[in-house]
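In: Below are the sequence and a predicted model for it; my questions follow.
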Amino acid sequence: GGSSSGGEKISARSLLFNTATLEGIFDNGRAVQTSSDAINLPSGSTLVVSSSMFGKDSQSTIAFKNASLTFCDDENPHWKIRATKIWLLPGGEFAFFNALLFVGEIPVLYMPAFYYPKDEIIFNPTFGYDTRRGYYFQTTTYLYGRKPLEENIEKSSDEKDDDELSKGLYNFMKPTKLKEQRREGIVLHNLDEDYTGDTSNYFKLMFDYYSILGTMAGFDAVFKPKSYINNFKANLNLGFSNTVFLDDSGEVYVPFSSTGERHKDKANLLGIKTPFRYNGNLDLSGSSPFNFRISMPIYSDPYFTDDFGERTEYMDWITFLTRGAKDEKEEEEDEDKDSVSVSTYTWNASASYSFNIPDALKPFLRTLSITDISSSVIFNSKTNTAIASESTDDWYLYTPERMFFYPSQVTPLKFSANIEGAIIKYPLEEKQSKPVDFPYALSVPDEFSDEQKKDNESESKSGEEKAPEKTEKAEEGVLDEKDLPLLDVRSDINPTEISDFEYELKYSVTPQFSSQFAYDSTKYSTPDDFKWSERQSSYYQVTSPVVVSSGLAFRESLFNMNNVFTYTPFYQTHPSLDGYSDSDAATVRKTDYQARKKDLSVENDVSVKPLIFNDVLKKSSIDWNTTIRLVRTEFIGDEENPEWDYLTADLSDEESVTEHTLSATIHAEEGKYFSQKLTLSTTLPPQKDKYEGDVKFTFPYTELTFASGVEKIEETESDELVENWRKLPFKQSASLKFLDGDFALTQSFNYNLEEHYADSFKAAVSYGGLQVAYTAAYTYGYDFDEEEGWSIRSEREFLPETFSIAYTSGQKNFRYWKKRVTWAPSLSTSIVYDCIRPTNSYFKFIPAVTFKINKFVNLTFSSESRNSVIYRYIQDYTNNGMNLPGETNVFKDLYNSFAFWGEGSMLDDGQMKRRSSGFKLKNLKITLAHDLHDWDLVSSFEVKPRLITNGDGSKSYNFEPNISLSIVWRPMNAMKTEIVDEYGELKLNP
């Protein structure tokens, strides 16, 4: 059919069809579509329309008589719409007449007539009601381009669900493709052809009317040219509004003040007054001949977006007819209009450019670019403190003029560039000649092509004639080539090309400049108070880091040396501090002086790998690193007499030599599974002496590491500063892994060599999801007193800390009966024994199972239980004097946790046994999802203890469940019914 696209299949018992005009009549026909332009089919759904008779005319209109429509492709569909007439019209429109919605064989909804037009009025009117703005009428007229296809409306998580059904119906009725249109008067009539144009470029006019607020007029333009400007956006909205007040009840919005006066809103930006409010933006960017962007938004007041920003070009008729005005929640949200929609905005203009470097200058000059050249103005908002004195009523509380924008910071110029190149480079870069690009493909002339074919044929013939001679000569030899043995080439030898010597001396210069003006907001009571010339301060800074680096490599990484010299000049000043007090200005000037620098530093790195050509020891190396501040700036004056001291490098001063290390690594690799690595490192003077070493052994399935060292520290003894040696902690770790890592033993131990105590110990054995772990630590112990409880000891000791057993199974699927039945159990459990305070030991048990019958039911069970008194089960065997009350037999205690019954009765009203049990249920949840083909029945049951406060102030646990039952229609999730019993409170469609 003409109104559909995608997969379509039509079948009929008999038909009469005109192949010239594509008109026809179908008897007892059935049309099946997997996608449709007329309605928004849900993913995976199929549209099935069957009819006793339907016909199609030359205009692609299809009319069904005594028809049924469904998304269920079963022989007996679970739901359907039966109608006397169904029309599928050109342009994606459809209509019903005398229709009934059936679920099974039960009619649930009657529609005498239904028609959802897809044609559009040229000015795209929408109307509705808003509690604050009143009845509104919004129009959008496209003078260039056209309105894009509306996206589906998504409901936020905190949005009320009252209009969810109407939004779902609206999404369902929307077309899925744009159609070509033909203007007929003020109507844009959809044609049958799909629209293939672009909707990203447009120019549109907007006009809105609000019965309480006023009117708004504006335009919006978006163009994306392909030449100099890549993106152009411009919009301007003018608001001719009234000040909106709350009446005496505080619930109704009116356009009159408490004295009955109507106030017209005005705007005042930087003293420029207009009888209307406004909001606009100019945003354009381009990449030719250089990259640039200009962004200049403007707002008359911070509330303009709240008042006029909520608009649409799409009329949701279904929601409007079914819902009408906004609900109570939306009214409450509208009442909170004191929130500022826009508190700050920025004007910004920026550009960048990279120069093309001629090959003749490379590598001496590789990069020359202006990375940023920009200007900006930041606008902030402020309360108009003088407006209250100008008002005789409550106007000053509601007018948008109660806040205004002012420039808080201006950046006249910000500039940065980058220059890079190589002064010396050996070997020189090879300049590859660019292949010649011919404008047309070249072909060999026919006469030369024929001669070439003849030459090839003659060569092939001569080769055939000479072949016997080769055979005769081969027979004279001792061995033919085919009789020679094949050479055995070692696969582990990978030849690489090694350069003997490489050297590069390169540089980079990054000049930067920034200037800034600041304004003092404390001086502005009204927008008229702002003056561009009355600046609080002016500021600029200049810096140009220069980096010269050299890199030398001999025989690849046999010997490497890198040196990086960095010169960092930095200058900043505030030429004007008129807005500061004398003391504050002096502080700012001193900060400027302290920031000025002329520093020079060097970083050196030397690496030698003497055994690089040895396959076993090739990763062994000797490394030396140092960082020296050759010149550093120190401010020694004050704000009135600035003076700087430029300190040169003193190789005995640790502030000059900030890093000085030497390390040696012996790294042996023997195959894939064997390696040994020893690293010795030292910190050299003038830094504090420090010597460290670590060794790592790797064997099949095993890894072992050791590390320790010593360092020199300064300590105060008898009011004197002395240097002493301090031992660094000894650290050891080991791991054994088998069965591809499934079975692992890990262990770590730290020992404080200085204080001579074991600091920590950890050991664990794991296999699959099972883990057994033990930890010990140097910590404070606890003693138990029957009257006072636990008391901490005064000294630390190395004590056992925890012993734990944990298991996590993960979810495994077991399938039966041709994979139609699946169940997936999972378990996470752990038992932790606290060796320091045994009464803090606990046990957790978290099982879950999912049972699924394909296309029938999903049942999920999960729970969490915890026992925090497991110590009482073993307290009789510890002999430490602690006796927790309760059952000491773990099996009896577990049995008691299920004992709902009492002594001689079916139910224990007090539930004393269950209350005394240490096994406590933290959470229990059961979820059932039943597949009803086009419907889903979902039910959940959840119980968890909640600590509540009773009326008398006492607290108790509440175990009332949370139960929900819902039925959802798959083609439209918004069509659902849900019943929730939330802790005893019954709710319908919450």
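Out: That came in fine, so what should we check first?
In: Next up, the contacts around residue 976.
Out: By CB atoms under 8 Å, 6 or more residues apart in numbering, residue 976 lies in contact with 966, 967, 968, 969. All C-beta atoms are positioned from the backbone trio N, CA, C, and that covers glycine.
In: which residues does the last one bridge with?
Out: In this structure, residue 969 has beta-bridge partners residue 935, residue 972, where bridges are defined by DSSP bridges.
In: still on that earlier bit, and the contacts of residue 976, which two are furthest apart?
Out: Greatest spatial distance in the contacts of residue 976: 966 and 969, 10.9 Å, computed using CB to CB.
In: With pLDDT, neighbour count and distance to residue 843 as extra columns, can I get the contacts of residue 976 in a markdown table?
Out: Shown next, in a markdown table, are those (pLDDT from 0 to 100; neighbours: other CB atoms under 10 Å; distance: CB to CB, whole Å):
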| residue | pLDDT | neighbour count | distance to residue 843 |
| --- | --- | --- | --- |
| 966 | 87 | 15 | 36 |
| 967 | 83 | 16 | 40 |
| 968 | 79 | 18 | 39 |
| 969 | 71 | 20 | 45 |
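In: can you put these in TSV and add distance to residue 831?
Out: Shown next, in TSV, are these (distance: CB to CB, whole Å):
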residue	distance to residue 831
966	39
967	43
968	42
969	47
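In: Among these, which one lies nearest to residue 516?
Out: After measuring the contacts of residue 976 against residue 516 - CB to CB - the closest member comes out as residue 968, at 58.4 Å.
In: Tell me the spacing between the residue nearest to the closest one when sequence neighbours are not counted and residue 752.
Out: Residue nearest to residue 968 in three dimensions, not counting chain neighbours: residue 976, with 4.2 Å by CB to CB, 6 or more residues apart in numbering. Remark: distance between residue 976 and residue 752 (CB to CB, to the nearest Å) = 64 Å.
In: Give me the distance between residue 609 and residue 625.
Out: 15 Å.
In: The two: which is more packed in?
Out: residue 609 (22 against 17; other CB atoms under 10 Å).
In: hey, what's the closest residue to the more buried one other than its chain neighbours bridged with?
Out: Nearest non-adjacent residue to residue 609, counting by CB to CB, 6+ apart: residue 621, 4.7 Å away. Taking DSSP bridges as the rule, residue 621 bridges to residue 665.
In: wait, what's in contact with residue 621?
Out: 607, 608, 609, 664, 665, 667.
In: how about a cut-off of 10 Å?
Out: By CB atoms under 10 Å, 6 or more residues apart in numbering, residue 621 lies in contact with 557, 560, 607-612, 663-667, 679.
In: which of those lies closest to residue 879?
Out: Nearest to residue 879 among the contacts of residue 621 is residue 679, at 49.5 Å by CB to CB.
In: So that closest one sits against residue 662, correct?
Out: No. Counting by CB atoms under 10 Å, residue 662 is not a contact partner of residue 679; they are 11.5 Å apart.
In: Quick check: neighbours shared by those two?
Out: Shared contacts of residue 679 and residue 662, counting by CB under 10 Å, 6+ apart, come down to residue 623.
In: Quick one: buried ones out of the contacts of residue 621?
Out: 560, 607, 608, 609, 611, 612, 663, 664, 665, 666, 667, 679 (16 or more other CB atoms under 10 Å).
In: which residues does the second one form a beta bridge with?
Out: Think residue 607. residue 560, residue 623.
In: With residue 268 instead?
Out: In beta-bridge terms (that is, DSSP bridges), residue 268 pairs with residue 273.
In: Tell me which helix or strand comes right after the host helix or strand of the residue nearest to residue 968.
Out: Element membership for residue 976 (DSSP states H and E) is strand 972-982. Where DSSP H and E defines the elements, the next helix or strand beyond strand 972-982 is strand 985-988.
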